[in-house]
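In: Sequence and computational prediction follow.
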Amino acid sequence: MGVYAKWILPRLIDLCMRTREVGRFRARVVPQAHGRVLEIGFGSGLNLPFYGEDVQQLYGLDPSATLLAMGRERADGAGCPVTPIECGAEEIPLEDGSMDAVVMTFTLCSVADPLRVLREISRVLQPHGVLLFAEHGLAPEVQVQRWQHRLTPGWRHIAGGCHLDRKIDELIGEAGFTIDELVTEYARGPRPMTYIYCGRASRSSASRPGTHRP
C-alpha cells in the first residue's frame, strides 16, 4: 500500500464525508438502527452522532487502519459500546444471524465485490434484521449515466475504488434482499457523483445457509 492510499486518501475521505449535505442522508437512515448493529465502512466514525438509544452494541468494520484509528477516537464519546474491526466486508468475522441491523453509508461504491459483501451482510443479519443504506450510484438520466461510465475508470483509482455507476437498488435486490423503503434524489454537487439511494431492506426473502464464524 502506497503513501497516498495509506495516509493521504483516508484523510481526504474523512474531509469529504464530513459535509452537511452528506450528514443529511446519514440522518435519514442511521437513527433507525437498533439492538446489535454492524456498520460496514465505519471509517472515521462519522455516523456515531446519529445512532440512537436503541443501539446496544455497535461493531464498526473497515479495512483502513488509518480511518479506524480516527474512528476509535470519536468512539470514546459514543452513547453505546463500540467495537472497531479492521477487515474488509467480503468475509465478516461475526456469527450467522447475530446482528439486528446493518448500516452502510457511502461504502458499496468502493468495495471490490458488492454482491459478495451484500450476501455476507445477509448472513450476519438475524431473520427479521434490517439493512439501512445511503449510497451514491447510477443516475436515471442517460446523459448523466454516460458521464458516470466515462469517469469511473479514472475516478476509482484516485478515490479508493469508488464506482460512480453502480445501480444500488438492483445490487441489493440481486443479493436476495427485499427493499422496503427507497428514496432517490440528487445531492448538491456534480450530477455524475451525487445521485443518492437512501432506504432500508429486509432479508426475509434472502435466508440462506451460511458458514458459522466465531
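Out: Cool, got the structure. Note that the structure is predicted; figures quoted are calculated from it, not measured. Numbering: from 1, shown residues only.
In: Would you point out which residue is most central in the protein?
Out: Geometric centre of the chain, nearest residue: residue 104, 2.5 Å, by Cα atoms, centre = their mean.
In: Listing partners with orientation, what would you give for the helix or strand in which it is found?
Out: Per DSSP states H and E: residue 104 is located in strand 99-105. Using DSSP bridges, the strands paired with strand 99-105 in its sheet are strand 35-40 (parallel), strand 125-136 (parallel).
In: what's in contact with that strand?
Out: 25-26, 29-30, 32-41, 47, 59, 121, 124-126, 129-135 (Cβ atoms under 8 Å, 6 or more residues apart in numbering). No exception for glycine: its C-beta is placed from N, CA and C like everyone else's.
In: Quick check on these: which are buried?
Out: The neighbour-count test (16 or more other Cβ atoms under 10 Å) applied to those identifies 25-26, 29-30, 32-34, 36-41, 47, 59, 121, 124-125, 129-135 as buried.
In: hang on, the earlier thing: same list (the strands paired with strand 99-105) but as a markdown table, adding distance to residue 69 and mean pLDDT.
Out: Converted to a markdown table, the strands paired with strand 99-105 look like this (distance: least, Cβ to Cβ, whole Å; pLDDT from 0 to 100):
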| stretch | distance to residue 69 | mean pLDDT |
| --- | --- | --- |
| strand 35-40 | 16 | 98 |
| strand 125-136 | 24 | 97 |
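In: For those strands, give me TSV that also has distance to residue 171.
Out: What follows is those, written out as TSV (distance: least, Cβ to Cβ, whole Å):
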stretch	distance to residue 171
strand 35-40	13
strand 125-136	9
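In: The lengthiest helix in the chain: how far from the chain's middle?
Out: Ranked by residue count and defined by DSSP state H, the top helix of the chain is helix 142-158. Relative to its parent chain, helix 142-158 has a centroid offset of 20 Å by Cα atoms, centre = their mean, to the nearest Å.
In: Next secondary structure after that helix?
Out: helix 168-174.
In: May I see the buried residues of that following helix?
Out: Of the residues in helix 168-174, 168, 169, 171, 172, 173 count as buried by neighbour count, 16+ other Cβ under 10 Å.
In: Tell me where the model's unsure across this structure.
Out: 1, 3-4, 6-7, 9-11, 204-214 (pLDDT under 70).
In: where exactly do the helices run in it?
Out: Along the chain, the stretches classed as helices by DSSP H are 3, 9-16, 20-29, 65-75, 114-124, 142-158, 168-174.
In: out of those helices, nearest to residue 200?
Out: helix 20-29 (7.0 Å; Cβ to Cβ).
In: quick check: angle from that closest one to strand 99-105?
Out: Between the axes of helix 20-29 and strand 99-105, defined by axes from the mean of the first three to the mean of the last three Cα atoms, to 10 degrees, the angle is 160 degrees.
In: elements contacting helix 20-29?
Out: Packing partners of helix 20-29 (3 or more Cβ pairs under 8 Å, 6 or more residues apart in numbering; DSSP states H and E): strand 99-105, strand 125-136, strand 195-202.
In: Right, I'll leave it there.
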